[in-house]
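S.K.: Here's my sequence, what's the structure:
(chains A and B)
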Amino acid sequence: MSHRPLDISGLPSYRFSHHSLMWWGVMGMILLEGTAFALTIAAYFYLWSQAQTWPLSTTPPELFWGTLNLVVLLLSAWPNHWTKRAGEDGDEPKIRIGLVICALFGIVLIAIRGFEFTALNCRWDSDAYGSIVWLLLGLHTVHLVTDVYDTIVLAGVFFFTQPLEGRRHVDVSENGLYWYFVVLTWIPIYAVIYLFPRVSS
Amino acid sequence: MNPVLERTWRDPPGVVGWFSSIDHKTIGRRYLVTAFAFFVGAGIMAALMRLQLARPENTLIGPDLYNQLFTTHGTVMMFLFAVPVMQGMAIYLVPLMVGSRAIAFPRMNAFAYWVYLFGGLFIFTCLLFNFGPDAGWFSYVPLAGPEYAPGKRADVWAQMITFSELSGLLAAIVVIATVFKLRAPGMTLARLPLFVWAMLATAFMILFAMPSVMLASTALILDRLVSTHFYNPAEGGDALLWQHLFWFFGHPEVYFIFIPGLAFMSSIIPTFSRRPIFGYPAVVMSLTATAFLSFGLWVHHMFATHIPELGKSFFTAASMLIALPTAIQIFCWIATMWTGRLLLATPMLHMLAFFFILVLGGMTGLMVASVPLDLQLTDTYFVVAHLHYVLIGGAVFPLFGAWYYWFPKITGRMMSERLGRWQFWLFFIGFNVAFYPMHHLGLRGMPRRVYTYTDEMGWGPLNLLATAGAVTIAISVLLFTINAVMSLRRGMLAGENPWGAGTLEWATSSPPPSYNFDRQPIVRARDPLWEPPLGELREPTAEPTHIVGLAEHTREVLVTTVQDAIPDHRLAFPQPTLWPFVSAIAVAIMFLGSIFTPWAIVWGGIPVALFATLWFWPKREETDAAIAIEKRP
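M.R.: You can find the predicted model right below:
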């Protein structure tokens, strides 16, 4: 009877993408939050299916701020990609620059989002249409704010807690992955909030 | 016993250490004890209701308290007992079964527990102060809406949902990541224990179902707090939107309570039949099929509404269809027992009860799945009987069996077999005496959720019988508690593997050390402990049996690949900390505040963000320890 061991001490102490535990955690969050978005959109169309006119008693939201948000969000994918890549290369000076740029993009986006709420042409308590539009936009805003805050905290870690474990580079990569989720979900939500009321009426 | 590993992995000492623990076994035990306490609490509510209904025009409990009791009973059983207790079992057992040192995201796991605990304490406290929820466990609008439910009772219900679903979702992610990435080398997906398969399916179902009820209850709170109109037909809202969102969660929920029951069946039956399970691939595929199909059934809770007839037919068909994968598993278990050598110990008795009770519940399920019959029976005691047969037969009997089965692993001591048999028979007989008459009461027109009835209805004798059954169940649960407490002190020492089982949790001492395994195993079979000892069949030095090379002075865990569990990298795990506990308190304050003002989300969110940041912020000594053993990819 032998007990031959397998020595794994030569393995790396972190890896990126689907190798990493954190990637699966983030994917889990993306799945459940994606489900929440999908269900909210389903509720929107359910309410629409029960209505005679749509929007119920108002005009569709103004296009300007929402579209600007779409453009800036899509643009932010570029610094996000650059930072994510820097994380995977372990290039810390680049990571620091990238995180700052991403955070600045995020702050601008939150400001634009503020104007968006003023241009919806409805209040949350005006009717069910107003309620669902505010909920949809609010839900996306929560994600926007959360990930911008995450990015700022991560930048803080890279600026103030040297030297760092290499594992923090995985955090940069996963933060970038989550930002893609925030960007990509905005496309269908934008279409639902801004375009659908225009084609349905 | 490895003293170095013990020092690295044990819970920190003292009171602060108690609140800081992130060991999955500690957290898992807390889940089990908490869920059992909630089960007893909700069971006492049921007993009170049964006493009230024991005779016509009884005056023990008035209508208002009765409404709170049945609502809280159902809510606690479904949200704070049935789902969390199964997650607790998974949290304790899955890392052991896959041969890992720890659970994934151990701090988040601890956080999820505290959120669950606070949510549960919250609803019980509210009931004690006479503002327990009173609109039924599915809290239909408009009854629970701002117009018909003034006061805060409906908000208590809705916010309890937020607590328990947040906790459930996080625990699901923890389980998924553990199963996918922390398995012992060699434990390919095709060798995954069926228990783990079932818990994985459950976790995915939670991920897709729970957001629905969170969305529904958030919209309800918004309707009540800031005058949105999601459910208000006067302003373009719709009451059925609630039912769709609730049951899109609610029906899968029944199945993610039931699938862990199947997990226990598929673990315990092979052990007590002394053979590997019959038809492993069929069982795995059936589990997966059940998980998928359960999302296509929700409208059968809404047959009495105005949805299109064609839609109802579709959901009738789907409701019939889901019986098939369950039947396949039942046949696999029968084949396992048929061709094995049966050992009728207490855990196995509970498995056999499943066959009897669940099949009866399944039969009445087929009845209420057909629209015309459902229209007759909906909202009667027939449905109460049906759902208790399904849930208690499908989940609670297997769960009690599972407690007898894994109690020796968790505590190191066996439970008394004699008391166990008494408890089993009292439970089995009491259950049928309590719930079987309810079928007849329902057929005779007794509606559910009534606090009393008149003598002329003729429902008195069967109700009295049901109450006698309920008292018997209460005695049996008391007996179980006595058995557990006594065995904890004086039970026979269990040793590593008292039942001669085949899965990895039995390959370590009972209770397991804080680091789970002295030697982390390498797996070459579905039932690793049943494969012939190395050397009998192969060359002595053919394959490695365990792994070495993980750091011992710091918490390090082996991460493997998703499909084939090939060693991938070593990962430093976090130290115990108070932050999950503190963050959970902050979250609880935010949730409670938001019952009263929407601004609680803003002001309450600040400490939550702050504590989460402090939780994440790297500690110098931990970072240095990690850098010392770091190897870049």
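
S.K.: What does the residue in chain A that chain B sits nearest to show for phi and psi?
M.R.: Residue nearest to chain B within chain A (CB to the nearest CB): A:Ser9, separated by 3.1 Å. The C-beta positions use only the backbone N, C-alpha and C, and glycine is treated the same way. Torsion angles at A:Ser9 (phi, psi; degrees, to the nearest 10) stand at phi -70, psi -20.

S.K.: Quick check: closest non-adjacent residue to the residue in chain B positioned nearest to chain A.
M.R.: Minimum separation of chain B from chain A (CB to the nearest CB) falls at B:Gly549, amounting to 3.1 Å. Using CB to CB, 6 or more residues apart in numbering or on different chains and skipping the chain neighbours, the partner closest in space to B:Gly549 is A:Ser9 (3.1 Å).

S.K.: Then B:His306?
M.R.: Distance criterion CB to CB, 6+ apart; nearest residue to B:His306, sequence neighbours excluded, is B:Leu240 at 7.9 Å.

S.K.: give me the number of residues near the one you found?
M.R.: B:Leu240: 17 surrounding residues under other CB atoms under 10 Å in any protein chain shown.

S.K.: which residues of the stretch 351-500 of chain B fall in strands?
M.R.: For the stretch 351-500 of chain B, no strands turn up when DSSP state E, counting those that start in this stretch is the criterion.

S.K.: Ok, chain B next?
M.R.: Assigned by DSSP state E, the strands in chain B fall at B:520-521, B:546-548, B:556-560, B:567-572.

S.K.: Turn the ones you listed into JSON lines, columns for mean neighbour count and mean pLDDT.
M.R.: Below are the strands of chain B laid out as JSON lines (neighbours: other CB atoms under 10 Å in any protein chain shown; pLDDT from 0 to 100):
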{"stretch": "strand B:520-521", "mean neighbour count": "22", "mean pLDDT": "91"}
{"stretch": "strand B:546-548", "mean neighbour count": "17", "mean pLDDT": "92"}
{"stretch": "strand B:556-560", "mean neighbour count": "23", "mean pLDDT": "96"}
{"stretch": "strand B:567-572", "mean neighbour count": "22", "mean pLDDT": "95"}
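
S.K.: Now that we have those strands, can you turn them into a markdown table and tack on distance to B:Val196?
M.R.: As requested, the strands of chain B are exported to a markdown table (distance: least, CB to CB, whole Å):
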| stretch | distance to B:Val196 |
| --- | --- |
| strand B:520-521 | 15 |
| strand B:546-548 | 19 |
| strand B:556-560 | 14 |
| strand B:567-572 | 19 |
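
S.K.: B:Ala209: which of those is closest?
M.R.: Evaluated with CB to CB, the strands of chain B place strand B:556-560 nearest to B:Ala209, the distance being 28.3 Å.

S.K.: Report the angle between the closest one and strand B:567-572.
M.R.: With axes from the mean of the first three to the mean of the last three CA atoms, to 10 degrees defining the directions, strand B:556-560 sits at 150 degrees from strand B:567-572.

S.K.: looking at it, the residue nearest to B:His306 is touching B:Met302, isn't it?
M.R.: Yes. Counting by CB atoms under 8 Å, B:Met302 is a contact partner of B:Leu240 at 7.3 Å.

S.K.: picking that back up, so who does the residue nearest to B:His306 touch?
M.R.: Residues in contact with B:Leu240 (CB atoms under 8 Å, 6 or more residues apart in numbering or on different chains) are B:302, B:305-307.

S.K.: Could you list the low-confidence segments of chain A?
M.R.: For chain A, the stretches flagged by pLDDT under 70 are A:1-3, A:201.

S.K.: residue boundaries of the helices in it?
M.R.: A:21-49, A:63-89, A:92-118, A:128-160, A:167-190, A:196-200 (DSSP state H).

S.K.: And the fourth one, what's buried?
M.R.: Within helix A:128-160, the residues that qualify as buried by neighbour count (16 or more other CB atoms under 10 Å in any protein chain shown) are A:128-137, A:139-141, A:143-155, A:157-158.

S.K.: got it, and the second one?
M.R.: Going by neighbour count (16+ other CB under 10 Å), the buried part of helix A:63-89 is A:65-66, A:69-70, A:73, A:76-77, A:79-80, A:82-88.

S.K.: Thanks a lot, catch you later.
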